[in-house]
Structures are given as structure tokens and as C-alpha cells.
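# next input, structure requested:
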Amino acid sequence: MIKEFKEFALQGNLLDIAVGFVLGAAFATVVTSLVDDIVMPIVAGIAGQPDFSALSVTIGDAEIMYGNFINALVAFLLVALALFLFIVKPMNALRARMARGEEVVEEVAPSPEVALLAEIRDELRRRP
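Numbering: from 1, shown residues only. Predicted coordinates for the structure are as follows:
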């Protein structure tokens, strides 16, 4: 059982996933900082203080803090927008630029009839 666990834990795929996860977590910090430190101050400058956490409604004894949900939704949308504008869009443009220069034309094998006709043609060319 220990041997099987070692094989599982040291598989290339598992290590790749672990590295990707750690890099993803570090990248999440960068994106969060981009949104919190750059985008949100711009939004605050345009629309005032972007904090909806004080919004709530009371039903009976329960207080529903829907403002926190709005904060989370706005933060999600801003993170998604930042990722799209600064990561996805430039990567798509780079891939398109690289693909233009690397068009690969696949050769299709000729049908048996075409191959036979080519052999006959070549044989006729060899005759005087």
C-alpha cells in the first residue's frame, strides 16, 4: 500500500497539478490586489464609496445582509473583467498572431485510383 501511495504521490500529473494550484493561488493574490488597489479606487472616484455592506433588510427577527452579497458580486465581476482585459484578451491576440505564421497544410493521401493513374503517367513519361 505504501508503494502504491508513493507511485500515486509522485506521478507527473499530480505534481503538475500541485504546481499549477500553487501558482494559481499566487496569481489570485495578484489579481485581488489589482482589483482592490487599482480598479476599486477608480470606481470609488467615479461612483463614490463602493461599499454596500451596510445595506440590509429586516424580516421579523432576521436581518438579511444583502449588501455583503452585492459587494461579493461586484468584486467577482471586477476580477473577471480584469482577468479578461489583462490576461485572456492579450493571450488570445498572441495566439492568433502566432497561428498566422504557423499555418500547417495537411497532405491528404491520394485515393487508390489517383495513385494508379500517377503510376501510369510516370511510366508513360519514361518511355521514349
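# from residue 39, how far out is the residue positioned nearest the centre of the chain?
Compute the mean C-alpha point of the chain, and by Cα atoms, centre = their mean the closest residue is residue 88, 6.5 Å away. Distance from residue 88 to residue 39, counting by Cβ to Cβ, to the nearest Å: 16 Å. C-betas here are computed from N, CA, C, even on glycine.
# give me the pLDDT for the residue nearest to the centre of the chain.
Reading off the confidence values, residue 88 has pLDDT 84.
# how about the strands in this protein?
Applying DSSP state E to the chain gives strands spanning 57-59, 62-64.
# can you add distance to residue 116 and give the ones you listed back as a markdown table?
Conversion of the strands of the chain to a markdown table gives the following (distance: least, Cβ to Cβ, whole Å):
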| stretch | distance to residue 116 |
| --- | --- |
| strand 57-59 | 82 |
| strand 62-64 | 79 |
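# quick one: contacts of the longest helix seen in the chain?
The longest helix of the chain (DSSP state H) is helix 12-34. The contact list for helix 12-34 (Cβ atoms under 8 Å, 6 or more residues apart in numbering) reads 8, 79, 82, 83, 86.
# which residue ranges of this structure form helices?
2-9, 12-34, 40-47, 66-83, 89-101, 112-126.
# return the most buried member of those helices.
helix 66-83 (a mean of 14; mean count of other Cβ atoms under 10 Å).
# just the CA atoms of it, as CSV, please.
Extracted C-alpha coordinates of helix 66-83, given in CSV (Å, rounded to 0.1, in the frame of the first residue of the first chain):
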residue,chain,number,x,y,z
TYR,A,66,-27.8,41.6,1.1
GLY,A,67,-25.2,44.4,0.9
ASN,A,68,-22.4,41.8,1.5
PHE,A,69,-23.7,39.8,-1.4
ILE,A,70,-23.6,42.9,-3.6
ASN,A,71,-20.0,43.6,-2.5
ALA,A,72,-19.0,40.0,-3.4
LEU,A,73,-20.8,40.2,-6.7
VAL,A,74,-19.1,43.5,-7.7
ALA,A,75,-15.7,42.1,-6.6
PHE,A,76,-16.3,39.0,-8.7
LEU,A,77,-17.3,40.9,-11.8
LEU,A,78,-14.3,43.3,-11.4
VAL,A,79,-11.9,40.3,-11.0
ALA,A,80,-13.5,38.6,-14.1
LEU,A,81,-13.2,41.8,-16.1
ALA,A,82,-9.6,42.4,-15.0
LEU,A,83,-8.7,38.8,-16.0
